[in-house]
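> sequence and predicted model, in that order:
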Amino acid sequence: MPQYVYILRSSPTGRLYVGITDDVPRRLKEHNTGKSRSTKPWIPWELTYVESHPDEGSARKREWQLKCTPTGGKEKKRLAETPKAADKSGQNNSIK
């Protein structure tokens, strides 16, 4: 089952959050209804980027890269500013 790495931006603060899921619209709704403890204080969230991965392992590796490495942090900021989200094959997967 494909997995998605996504980046959210908090509307009030501009804070960025990276996560993975198999259902992006459901997960965004969970973030915006306070069901995720780690993002609840910064509601509402907007989806800024999504990329597709073939399995959970590759999605977790990418999530770790964006969250935990210096170059990943810079890339996360750049991707969050990208007008359209793209999966790894370069196809447009923008979900707004």
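Thanks, I have the structure now.
> check which helix or strand covers residue 12.
Here residue 12, judged by DSSP states H and E, is contained in no helix and no strand.
> and the spatially closest residue to it that is not a sequence neighbour, how far from residue 82?
Leaving aside its sequence neighbours, residue 12 sits nearest to residue 42 (Cβ to Cβ, 6 or more residues apart in numbering; 6.7 Å). All C-beta atoms are positioned from the backbone trio N, CA, C, and that covers glycine. Distance of residue 42 to residue 82, given as Cβ to Cβ, to the nearest Å: 21 Å.
> please say which of those two ends up with more neighbours.
Higher neighbour count among residue 42 and residue 82: residue 42, with 18 against 12, using other Cβ atoms under 10 Å.
> buried residues in stretch 32-51, which are they?
Counting neighbours by 16 or more other Cβ atoms under 10 Å, one finds that the buried residues in stretch 32-51 are 32, 36, 39, 42, 45, 47, 48, 49, 50, 51.
> how about stretch 19-28?
19, 20, 21, 24, 27, 28.
> nearest to residue 77, of the residues you listed?
The nearest member of those to residue 77, counting by Cβ to Cβ, is residue 19 at 16.1 Å.
> which strand or helix spans that closest one?
Residue 19 is located in strand 16-21, with elements delineated by DSSP H and E.
> average pLDDT across that strand?
For strand 16-21, mean pLDDT is 98.
> partner strands of it, with direction?
Strand 16-21 has these partner strands in its sheet, going by DSSP bridges: strand 3-10 (antiparallel).
> give me the residues contacting the partner strand.
Residues from elsewhere that reach strand 3-10, judged by Cβ atoms under 8 Å, 6 or more residues apart in numbering: 15-22, 24, 27-28, 31, 39, 42-56, 58-59, 62-63, 66, 76, 79-80.
> in the lowest-mean-pLDDT helix or strand in the chain, which residues are buried?
Lowest by mean pLDDT, DSSP states H and E among the helices and strands of the chain is helix 70-81, with a mean of 94. For helix 70-81, a neighbour-count test (16+ other Cβ under 10 Å) marks 72, 76, 79, 80 as buried.
> now that helix and strand 16-21, what's the angle there?
90 degrees (axes from the mean of the first three to the mean of the last three Cα atoms, to 10 degrees).
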